[in-house]
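Engineer: 3D model of this:
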Amino acid sequence: MRPYIQANQAEIPMPSSRRKFLKTASTAAAGFTIVPRHVLGGVGYQSPSDRVRVMAVGAGGKGEGNLKSIDSEYIVALCDIDQAHAKKTFRHFPKAARYTDFRKMYDEQLDNVDAVVVSTPDHVHAIAALRAMYAGKHVYCEKPLVHNIKEARLMTEAALANPKLVTQMGNQGASGEGIRKIKEWLAADLIGEVHTMHAWTNRPVWPQGNAAPEKGITKPEGINWDAWVGPAAMVPYHPLYHPFAWRGWWDFGTGALGDMGCHIIDSAFYALELGYPISAEASVVPIYSQNWSPDYTPEACPVASKIKLDFPSRGSKPPVKLTWHDGGLLPERPNELAPNEKMGNGSSGVILEGTKGKLMHDTYAQNPRLLPLSRNEQESFPDETLARVKTNHNMDWINAIKEGRQPSSPFTKAGPLTETVLMGNLAVRAYDYRMPVPTKKNPDNYERPGRTKLLWDGPNMKITNLPELNFMVGREYREGWELPKA
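Structural biologist: Numbers count the residues shown, from 1 in each chain. Here you go, the predicted model:
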């Protein structure tokens, strides 16, 4: 490999492994001491060898924010299927090479970078992230980590197989103050043993619950639609899918729970060491139509849902029942809240109930509060025992790469968390799935499971009481977009 490559007329240093090897070899041969970089460049000077070389799959939307958060590093190449959607990012990084298909970008650039940021719709996460991980690259991937449970397990296993890979899921609260306070408060026994948890969100805030469009519309110039559809079955271009409302379609997104679950549930999952649930059940709200029925369109996520997950005891810790509410549904107000006191921040939150009290946490704040609220003025809170993150979530990943450690939400933690979230979605999808139950009189008879409790074998990723639904644990991949091999 040449010491430097050209990417959009940008001269970019070689990958760190090659760079370190040559620097070590040349130093040993010449017998001289390397001059510290601050002597050469002054206080605060950052040598090119101290920067991480990054490529990005997804440069518009969330990708724009992720990349600007780490723009102190070398952004080598950018991929986005929609050139207009990513134009601000392209302007911000004018020297980065541009692509519309990440497979081509990987073929040409993967050997020249240290790390990859994945900020695509959910259905592309795994195929993009796994190929990078199998090539030995550090990966930052948006939440939920993947589209289905099988992919989550593969991501976890890839991280475990190569502990030197520094990985981070994009659930920013994992780097916040709130999750650390909750862990410390529970360890200090401020609310006793937690047995019940309620979580809620106002999502979806996009159109959801409708039937898929039967026909597409004319695709704007500059969109690589084949690459956007990726591993899913091909559909015609339609703005109901791109650039925003894809979250509401099972082929591409994971609904309200997938969007917010990894944010809202993370604190309890981490603090309580919940592990895999053993069962899940759901009830859903369909969209109203002139010919109303209790069904909703199976290709779309429902307008609202309520999901119950049961977690077993963990050593001396008791079982935990988690109830999730979305689409504007809310849990019952705690008796400890006065009528004029606000429950959560109005859009999302979590309440933990223990044997000695309750705790409430606003998702977007870093101030968990004991209930009743007056208790926060009287309580003697424990000292800080957990290290705090001093930078943003994205830069903590970059710093972890440079320091040889794992950040707040590595895939070894984010993978099992995502599996838990997606297990809730299995219950939602089972609610309206038509299972064939042929009879002699009607060989084409179908039956909906409805509100059925799914029994879950987490280690083996199997629904044990309705094995007909286990196909939802994974997915079929369109030719040319299969999962990469390790």
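Engineer: in what helix or strand does residue 420 lie?
Structural biologist: In this assignment (DSSP states H and E), residue 420 forms part of helix 411-430.
Engineer: Now do the strands in the stretch 101-250 of the chain.
Structural biologist: 115-118, 138-141, 167-169, 194-201 (DSSP state E, counting those that start in this stretch).
Engineer: for those strands, which one ends up most surrounded?
Structural biologist: strand 167-169 (a mean of 30; mean count of other Cβ atoms under 10 Å). No exception for glycine: its C-beta is placed from N, CA and C like everyone else's.
Engineer: And the helices in the stretch 301-450 of the chain, which stretches?
Structural biologist: For the stretch 301-450 of the chain, the helices defined by DSSP state H, counting those that start in this stretch occupy 375-378, 393-403, 411-430.
Engineer: of all those helices, which lies closest to residue 223?
Structural biologist: Of all the helices of the stretch 301-450 of the chain, helix 393-403 sits nearest to residue 223, with 26.5 Å by Cβ to Cβ.
Engineer: which of the residues in the closest one are buried?
Structural biologist: 393-401 (16 or more other Cβ atoms under 10 Å).
Engineer: for those residues, which one is nearest residue 173?
Structural biologist: Among the buried residues of helix 393-403, and counting by Cβ to Cβ, the member closest to residue 173 is residue 393, at 8.4 Å.
Engineer: need the contact list for the closest one.
Structural biologist: 69, 168, 170-172, 174-175, 407-409 (Cβ atoms under 8 Å, 6 or more residues apart in numbering).
Engineer: Throw the residues you listed into a markdown table and include distance to residue 232, thanks.
Structural biologist: Formatted as a markdown table, these follow (distance: Cβ to Cβ, whole Å):
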| residue | distance to residue 232 |
| --- | --- |
| 69 | 29 |
| 168 | 26 |
| 170 | 21 |
| 171 | 24 |
| 172 | 27 |
| 174 | 28 |
| 175 | 31 |
| 407 | 30 |
| 408 | 31 |
| 409 | 26 |
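Engineer: Out of the residues you listed, which end up buried?
Structural biologist: Buried among the contacts of residue 393 (16+ other Cβ under 10 Å): 69, 168, 170-172, 174-175, 407-409.
Engineer: Tell me where the chain is predicted with low confidence.
Structural biologist: Counting by pLDDT under 70, the chain shows low-confidence ranges at 1-49, 287-297, 432-451.
Engineer: what's the closest non-adjacent residue to residue 303?
Structural biologist: residue 209 (4.2 Å; Cβ to Cβ, 6 or more residues apart in numbering).
Engineer: Run through the residues that contact the residue nearest to residue 160 when sequence neighbours are not counted.
Structural biologist: Counting by Cβ to Cβ, 6+ apart, residue 160 lies nearest to residue 412, which is 6.0 Å off, once chain neighbours are set aside. By Cβ under 8 Å, 6+ apart, the contact set of residue 412 is 156, 159-160, 167, 406.
Engineer: Also residue 325?
Structural biologist: Neighbours of residue 325 in contact, by Cβ under 8 Å, 6+ apart: 198-201, 306, 331.
Engineer: circling back to that earlier point, out of the contacts of residue 412, grab the one that's most surrounded.
Structural biologist: Neighbour count (other Cβ atoms under 10 Å) singles out residue 167 as the most crowded of the contacts of residue 412, with 31 neighbours.
Engineer: how far away is the residue nearest to it when sequence neighbours are not counted from residue 164?
Structural biologist: Leaving out its chain neighbours, the residue that sits closest to residue 167 by Cβ to Cβ, 6+ apart is residue 411, at 4.2 Å. For residue 411, the distance to residue 164 (Cβ to Cβ, to the nearest Å) stands at 13 Å.
Engineer: Pick out whichever of those two has more residues nearby.
Structural biologist: More neighbours surround residue 411 than the other of residue 411 and residue 164, with 29 against 7 (other Cβ under 10 Å).
Engineer: Spatially central residue for the protein, please.
Structural biologist: residue 143 (1.4 Å; Cα atoms, centre = their mean).
Engineer: looking at it, that residue is touching residue 174, isn't it?
Structural biologist: No. Assessed by Cβ atoms under 8 Å, residue 143 is found out of contact with residue 174, at 9.5 Å.
Engineer: Can I get the helices of the stretch 301-450 of the chain in TSV including distance to residue 283?
Structural biologist: TSV is the format used below for the helices of the stretch 301-450 of the chain (distance: least, Cβ to Cβ, whole Å):
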stretch	distance to residue 283
helix 375-378	34
helix 393-403	34
helix 411-430	9
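Engineer: closest one to residue 218 among these?
Structural biologist: It's helix 411-430; of the helices of the stretch 301-450 of the chain, that one is closest to residue 218 (Cβ to Cβ) at 32.0 Å.
Engineer: buried set for that closest one?
Structural biologist: Buried residues in helix 411-430 (16+ other Cβ under 10 Å): 411-430.
Engineer: With stretch 55-71 instead?
Structural biologist: 55-64, 66-67, 69-70.
Engineer: start to end distance for it?
Structural biologist: Using Cα to Cα, to the nearest Å, one end of stretch 55-71 lies 12 Å from the other.
Engineer: Over to stretch 192-209?
Structural biologist: OK, stretch 192-209 end separation, Cα to Cα: 40 Å.
Engineer: cool, and stretch 51-65?
Structural biologist: Using Cα to Cα, the end-to-end distance of stretch 51-65 comes out at 19 Å.
Engineer: Next: stretch 247-256.
Structural biologist: First residue to last in stretch 247-256 (Cα to Cα) measures 8 Å.
Engineer: contacts for it?
Structural biologist: In contact with stretch 247-256 (Cβ under 8 Å, 6+ apart) are residues 121-123, 144, 147, 201, 203-204, 206-209, 212, 232-233, 235, 241, 246, 258-259, 298-302, 304-305, 326-327, 421-422, 425, 428-429.
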